[in-house]
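Q: Have a look; sequence and predicted model below, questions after that.
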Amino acid sequence: MKIEQESHDQYVTLIPEGDLDANSSVYLDEKVKNLISEKIFNVHVRMDKIAYISSAGLGVFISYVDELATNNGKFVLTHVPENVFEVFTILGLNKLDNLKLIKEDVDPAPVFNE
Amino acid sequence: MKAYLRVRCNKSYLSTIREFVRSRLTDLQVTGNVSSQIVLAVDEACANCMIHQHQCDDYSTIEVAIYKEEDTLYTEIKDTGKAFPIDQYQPQSPQEIVKRRGKGGFGINLIHHIMDEIKVEEKRDYFIYRFGKVIEPKPGQA
């Protein structure tokens, strides 16, 4: 899985591309783990190049969201496709405080300051 | 008529399974959100078999079948070994999983949310996970 990374003042943006399933999610997991080891706790993920997500993909976000929150950080997911948003919604994961799901193309910076 | 696909227990074949299920559902005129959900449920069950039953052993295989009976769409995953009793699984809440910082536990949870019928059929040499999803007729269809 190809994952681009961009650094910003308050956060880091990850742009994964492809299907986020049991086969590929390990690569995103590794990226997030590396960011946390570098003490980066505000993680923005652009989701517009994600065509599909399974529980393994959800697991990447869920397994780290508590650690980010403990360090005053959060996940902000923008450009979330409708079909991907739906998978989060099935389990009620769209209502977690430190995992913000946004379908639109928005600047994530203000969301990290909320 | 049942459509079958047999694949090796290598996670790289999960996309092949999804494509097979999606294509067959289109043939059966099951599309949109319902199709996406069924594809997801089958993907979760197959990933569980590959990872937990076979430790992704490339020499093992699983078989996926799809068919429709009246208003219900059925998918079956046939595998060897001892079945995980997913029909009796008590899903954890998302909050519980967040607290334990776990990566797993969502797949079977998703299957239970998506499917109307979940059965495990154990035979001597193999088992079958059978999932049923009631398909609402589209407007204009009998």
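A: Sure, I can see it. Residues are numbered from 1 along each chain as shown, chains lettered A, B, ... in the order given.

Q: and stretch A:59-71 with chain B, contact?
A: Yes. Residues of stretch A:59-71 contacting chain B under C-beta under 8 Å from any C-beta of the partner chain: A:59-60, A:62-67. Backbone N, C-alpha and C define where each C-beta goes, glycine included.

Q: Could you tell me which residues make contact with A:N83?
A: A:N83 makes contact with A:52, B:33, B:36, according to C-beta atoms under 8 Å, 6 or more residues apart in numbering or on different chains.

Q: again, 7 Å this time
A: B:S36 (C-beta atoms under 7 Å, 6 or more residues apart in numbering or on different chains).

Q: how close does it sit to B:Y89?
A: A:N83 sits 25 Å away from B:Y89, taking C-beta to C-beta, to the nearest Å as the criterion.

Q: which of the residues of stretch A:59-71 next to chain B are buried?
A: Among the residues of stretch A:59-71 next to chain B, those scoring as buried are A:59-60, A:62-66 (criterion: 16 or more other C-beta atoms under 10 Å in any protein chain shown).

Q: For stretch B:78-94, buried residues please.
A: Those would be B:78-79, B:83-84, B:86-87, B:91-92, B:94, for stretch B:78-94 by 16+ other C-beta under 10 Å.

Q: dump the residue contacts of the residue positioned nearest the centre of chain B.
A: Closest to where the C-alpha atoms of chain B average out (C-alpha atoms, centre = their mean) is B:V42, at 2.3 Å. Going by C-beta under 7 Å, 6+ apart, B:V42 touches B:17, B:21, B:64, B:75.

Q: so it sits in a helix?
A: Yes. Using DSSP: H, G, I helix; E, B strand; the rest coil, the secondary structure at B:V42 is a helix.

Q: returning to that earlier point: for the residues of stretch A:59-71 next to chain B, give me JSON lines that also has secondary structure and pLDDT.
A: Below are the residues of stretch A:59-71 next to chain B laid out as JSON lines (DSSP: H, G, I helix; E, B strand; the rest coil; pLDDT from 0 to 100):
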{"residue": "A:G59", "secondary structure": "helix", "pLDDT": "93"}
{"residue": "A:V60", "secondary structure": "helix", "pLDDT": "95"}
{"residue": "A:I62", "secondary structure": "helix", "pLDDT": "92"}
{"residue": "A:S63", "secondary structure": "helix", "pLDDT": "92"}
{"residue": "A:Y64", "secondary structure": "helix", "pLDDT": "95"}
{"residue": "A:V65", "secondary structure": "helix", "pLDDT": "94"}
{"residue": "A:D66", "secondary structure": "helix", "pLDDT": "93"}
{"residue": "A:E67", "secondary structure": "helix", "pLDDT": "94"}
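
Q: can you pull out the strands in chain A?
A: A:2-7, A:12-20, A:42-46, A:50-53, A:74-78, A:99-101 (DSSP state E).

Q: hang on, I meant chain B
A: Here chain B has its strands, by DSSP E, at B:3-8, B:61-69, B:72-80, B:117-122, B:126-134.

Q: In contact with the most centrally placed residue in chain A, which residues?
A: By C-alpha atoms, centre = their mean, chain A has its centre lying nearest to A:V45, at 4.3 Å. When contacts are counted by C-beta under 7 Å, 6+ apart, A:V45 is found next to A:14, A:16, A:75, A:77.

Q: What is the burial count for the last one?
A: If you count neighbours by other C-beta atoms under 10 Å in any protein chain shown, A:L77 ends up with 24.

Q: pretty sure it contacts A:M47?
A: Yes. At 5.3 Å, A:L77 counts as touching A:M47 under the criterion of C-beta atoms under 7 Å.
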